[in-house]
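Undergrad: below: sequence and its predicted model.
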Amino acid sequence: MSAAERFFARLRAHPPHDPAVQGSRHALSYGALLDQADALAEVLTRSDVRTLATLLPNGPAWIVADLAALRAGVVSVPLPLFFTAEQQAHALRATGADAVLATPAPSAAPAESLTVAGERLALSRRIAAVVPMPRGTRKVTFTSGSTGQPKGVCLGEAMLSVADGLAESLAPLAVRRHLCALPLPLLLENIAGVYAPLAVGAKVVVPLGERVGLRGSSTFNAAALDAAARNHRAESTIVLPQMLRAWSSWRAAVRAAPLPALKFVAVGGAHVGASVLAQARLGGLPAYEGYGLSEAASVQTLNLPHADRPGSAGRVLPHARVRVDSDGQIRVGGALMLGYLGDAGTASPAWWATGDLGRIDADGFLHVDGRRRNVLITSFGRNVSPEWVESELQASPAIAQAVVLGDGQPALAAVLWPARADGGDDELAEAVERANARLPDYARINRWLRGRAPFSAAGGMATANGRPRREAIARQHAEALFPQDTVDIPVMEKQHGLSRPAAGVDR
């Protein structure tokens, strides 16, 4: 029996009348969910669909389509709605998608009209050449990456092993209602927020994005997420680090009432930091950091209430294998991708080099220090992971986003974006000063400036999961941060007992 067959057998073992999926407008029991997935799978098989791209908002229909593709053995290509038209076209060409399932548009090409989970959808056929993919590919997920065109990661049934590992690890929490706060095409929510809860018979609450405060990939309303968590009595949810910071700050500002049902808030996508987790927990958000990557079908390590070390990325989950090589690079094994789309030379080795630097402590907790390629080397020869300094800066409630620059410079600099639109430079300066007090001299911020715009995917300065696009941010701000006639040697000043507050750079 294949992993997919075992997965569907588990779903069929749940009582058919138990609630499975709740959307903004429609709900499905486990029996109805499976019946709808089977019906759509028959349509895909009858139509000889090879590769199905979906372009749908969060909701029960998205989940039905995803399960139908898995059931029919069709390659699924879930496209985020926040992709630009150019990125969508690139994904369709790269995968050779011969069908697109989407909400109908007035100018849509001729398509078969389908009703899925109460929604009227259009199944459009495309003339597309067969694109070679690794054998066993069941899904192509597109990483946001650091460039304009996303990269396709080919995943097989190993992604269901990741869901099993998560379900096993989270079993002591007995979560019965999971709230999807991220776009479903993001692999983290797809695996941890849909497959894992369904495997254990939990209810997946999947409102439209705006109902949980998320518009696009980078605009977030914390009050809306808080209301959704309260109204749906959510017991678990998944957020990105920036969402957690905003949610925690909002709850503190309004003195929000407790969320008594909430047991677990998983945080992934980028480094969080112990101080941010502490602030969140103090405000009633049981937040726990994890680590994963698309090339390993998402989550690899995770902190849990019974195995927790804030500041780390948690212990290795049952499906995963993690080690750190002699160069300090994290390598993962176990549930790996089958390869990159269009690159026959990327078949996964037994151990995948992640490009992340880290260590595993004596108790088995993974600590991620930053990206290997991001390491800054100052003109004094000191190596600094910018993520380390950024986490100290973002520990301040005044700073929403921070990017540290300074490769080849005598001292580090930072581009900051305030947590509040009306946040003044004085607040940012104080936050920088507090962070500097916790850092060694070579890692302190000597110059900073307020960013010209938020680091968002829409503005081209962040990936879809919130990681900053460092090169783009550097291009926008380097001239102001590192003017050619500036000579600052803060290390020498410290040695001579001199000090000065960090100051912003005039824009």
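TA: Structure received. Note that the structure is a prediction, hence the values are computed from the model and not measured.

Undergrad: all strands of the stretch 101-250 of the chain, in order?
TA: Counting by DSSP state E, counting those that start in this stretch, the stretch 101-250 of the chain has these strands, from start to end: 112-116, 119-125, 139-143, 151-155, 177-179, 203-205, 214-215, 219-220, 236-239.

Undergrad: where does the chain dip in pLDDT?
TA: Across the chain, residues meeting the criterion (pLDDT under 70) sit at 105-109, 144-149, 216-218, 344-348, 379-381, 464-465, 484-507.

Undergrad: parallel or antiparallel, which strands does the lengthiest strand in it pair with?
TA: The longest strand of the chain (DSSP state E) is strand 352-360. Note on strand 352-360: by DSSP bridges, its sheet partners are strand 329-334 (antiparallel), strand 366-371 (antiparallel).

Undergrad: how far does that strand sit from the chain's center?
TA: 18 Å (C-alpha atoms, centre = their mean, to the nearest Å).

Undergrad: got the domain ranges for the protein?
TA: Domain ranges of the chain: 3-368, 375-504, per automatic domain parsing.

Undergrad: distance to Pro483 added to the strands of the stretch 101-250 of the chain, as CSV?
TA: In this view, the C-beta of every residue, glycine as well, is placed from N, C-alpha and C. CSV is the format used below for the strands of the stretch 101-250 of the chain (distance: least, C-beta to C-beta, whole Å):
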stretch, distance to Pro483
strand 112-116, 57
strand 119-125, 53
strand 139-143, 35
strand 151-155, 36
strand 177-179, 47
strand 203-205, 51
strand 214-215, 37
strand 219-220, 33
strand 236-239, 38
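
Undergrad: closest one to Gly459 among the ones you listed?
TA: With C-beta to C-beta, the closest approach to Gly459 among the strands of the stretch 101-250 of the chain belongs to strand 219-220: 10.8 Å.

Undergrad: can you list contacts of that closest one?
TA: Residues from elsewhere that reach strand 219-220 (C-beta atoms under 8 Å, 6 or more residues apart in numbering): Gly213, Leu214, Gln242, Met243, Ala246, Ser456, Ala458.

Undergrad: quick one: which of these is nearest Val74?
TA: The closest of those, once distances to Val74 are taken by C-beta to C-beta, is Leu214, at 28.0 Å.

Undergrad: check the gap between the closest residue to the closest one other than its chain neighbours and Asp226 for me.
TA: Excluding the flanking residues, the one nearest Leu214 by C-beta to C-beta, 6 or more residues apart in numbering is Phe220, at 5.7 Å. Going from Phe220 to Asp226 by C-beta to C-beta, to the nearest Å gives 11 Å.

Undergrad: Leu282: neighbouring residues, count only.
TA: When neighbours are counted by other C-beta atoms under 10 Å, Leu282 registers 11.

Undergrad: backbone phi and psi for it, please?
TA: Leu282 adopts backbone torsions of phi -60, psi -30, taken as degrees, to the nearest 10.

Undergrad: now do the contacts for the spatially closest residue to Ala171 that is not a sequence neighbour.
TA: Of all residues not flanking Ala171 in the chain, Val200 sits nearest, at 7.2 Å (C-beta to C-beta, 6+ apart). Contacts for Val200 (C-beta under 8 Å, 6+ apart) come out as Ala167, Ala171, Val175.

Undergrad: was I right to think Pro454 contacts Gln401?
TA: Yes. When contacts are counted by C-beta atoms under 8 Å, Pro454 is listed as touching Gln401 (6.8 Å).

Undergrad: who touches both of these two?
TA: Listed contacts common to Pro454 and Gln401 are Trp417; contacts here mean C-beta under 8 Å, 6+ apart.

Undergrad: out of these two, name the residue with the larger neighbour count.
TA: Legend: neighbour count by other C-beta under 10 Å for Pro454 and Gln401, higher for Gln401 (24 against 17).

Undergrad: now name the helix or strand holding that one.
TA: Element membership of Gln401, judged by DSSP states H and E, is strand 399-405.

Undergrad: picking up where we left off before, next, format the contacts of Val200 as TSV and append distance to Ala85.
TA: Listed next are the contacts of Val200 as TSV, based on distance: C-beta to C-beta, whole Å:
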residue	distance to Ala85
Ala167	37
Ala171	43
Val175	38
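
Undergrad: hmm, which of these are the buried ones?
TA: For the contacts of Val200, a burial check counting by 16 or more other C-beta atoms under 10 Å picks out Ala167, Val175.

Undergrad: which among the contacts of Val200 gets closest to Val21?
TA: Closest to Val21, out of all of these and judged by C-beta to C-beta, is Val175, at 15.1 Å.

Undergrad: from Asp38, how far out is the closest residue to Leu40 other than its chain neighbours?
TA: Excluding its sequence neighbours, the residue lying closest to Leu40 (C-beta to C-beta, 6+ apart) is Ala68, at 3.7 Å. Per C-beta to C-beta, Ala68 is found 8 Å from Asp38.

Undergrad: these two - which one has more neighbours?
TA: Counted by other C-beta under 10 Å, Ala68 and Asp38 do not tie: Ala68 has more neighbours, with 25 against 15.

Undergrad: element containing the more buried one, please.
TA: Taking DSSP H and E as the criterion, Ala68 maps to helix 60-72.

Undergrad: mind saving the C-alpha coords of the longest helix along the chain as CSV?
TA: The longest helix of the chain (DSSP state H) is helix 30-46. C-alpha atoms of helix 30-46 as CSV (Å, rounded to 0.1, in the frame of the first residue of the first chain):
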residue,chain,number,x,y,z
TYR,A,30,-15.2,13.7,6.6
GLY,A,31,-17.6,11.7,4.5
ALA,A,32,-18.5,14.7,2.3
LEU,A,33,-14.8,15.7,2.0
LEU,A,34,-13.8,12.3,0.7
ASP,A,35,-16.8,12.0,-1.6
GLN,A,36,-16.0,15.4,-3.2
ALA,A,37,-12.3,14.5,-3.6
ASP,A,38,-13.3,11.2,-5.2
ALA,A,39,-15.7,12.9,-7.6
LEU,A,40,-13.2,15.5,-8.7
ALA,A,41,-10.5,12.8,-9.0
GLU,A,42,-12.8,11.0,-11.5
VAL,A,43,-13.1,14.2,-13.5
LEU,A,44,-9.4,14.6,-13.7
THR,A,45,-8.9,11.0,-14.7
ARG,A,46,-11.6,11.1,-17.3
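
Undergrad: which elements pack onto it?
TA: Here helix 30-46 touches helix 3-13, strand 19-22, helix 60-72, strand 112-116, going by 3 or more C-beta pairs under 8 Å, 6 or more residues apart in numbering; DSSP states H and E.
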